[in-house]
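Asker: only geometry, no sequence info:
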């Protein structure tokens, strides 16, 4: 199915990712002058393959709404006059380095910008892919990290989006990890209450 794009997008990066008995073709559409970004996801499975019906796909404009990020990743937020960062991937939490793996780490550099005081920054798109080790070919979480340079303001803005592709068994395992982390006391009680409200209201990762 073709995707019709307006003037908000003028760049596209494509990934072909193996998944169980087939592939997913993932398109990342963005603008070279902003952090605005959109995904397209097209399955490439055999017509007779019933497996594709058991796969759930979720997109996240806010990574903090994702069970995967909340459980496994440290995210970085920072704001000052020359830098505005929201939910940038920092690292895999130390206790989970043996439970998840990087499946790819790619950077697309759009331009090199020279600012005053000999500062060199890059307008770029960083892409990180993760999988659960126990379900290596049934789970993918992709993070897109858009670094946009506002040259006139001498400022860098970093925004992230997430895409999750997973089978029902992989989602069940993710729920187990997430519940274990919550009950082990790694999250404050007010965070638990907020997360429960989000699940009941939106079922973000269940539908």
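Answerer: Now that the structure is in, tell me what you want to look at. In this text the structure is predicted, and so the values were computed from the model without any measurement.

Asker: Is there a neighbour count for the nearest residue to residue 168 once chain neighbours are set aside? I'd like the number.
Answerer: Distances taken as CB to CB, 6 or more residues apart in numbering put residue 54 closest to residue 168, at 5.4 Å, once the chain neighbours are dropped. The C-beta positions use only the backbone N, C-alpha and C, and glycine is treated the same way. Using other CB atoms under 10 Å, residue 54 is surrounded by 14 other residues.

Asker: Start at 593, not 1
Answerer: Sounds good: first residue 593 from here, last item residue 646.

Asker: Isn't residue 646 up against residue 758?
Answerer: No: Residue 646 is not in contact with residue 758 according to CB atoms under 8 Å; the separation is 9.7 Å.

Asker: quick one: stretch 650-661 to chain centroid distance?
Answerer: Put simply, stretch 650-661 sits 7 Å off its chain's centre (CA atoms, centre = their mean, to the nearest Å).

Asker: Flag every buried residue along that stretch.
Answerer: 650, 652, 655, 656, 657, 658, 659, 660, 661 (16 or more other CB atoms under 10 Å).

Asker: low-confidence ranges in this protein?
Answerer: Counting by pLDDT under 70, the chain contains low-confidence ranges at 593-600, 639-645, 777-799.

Asker: Longest helix in it, please.
Answerer: helix 760-775 (DSSP state H).

Asker: separation between residue 649 and residue 726?
Answerer: Per CB to CB, to the nearest Å, residue 649 is found 20 Å from residue 726.
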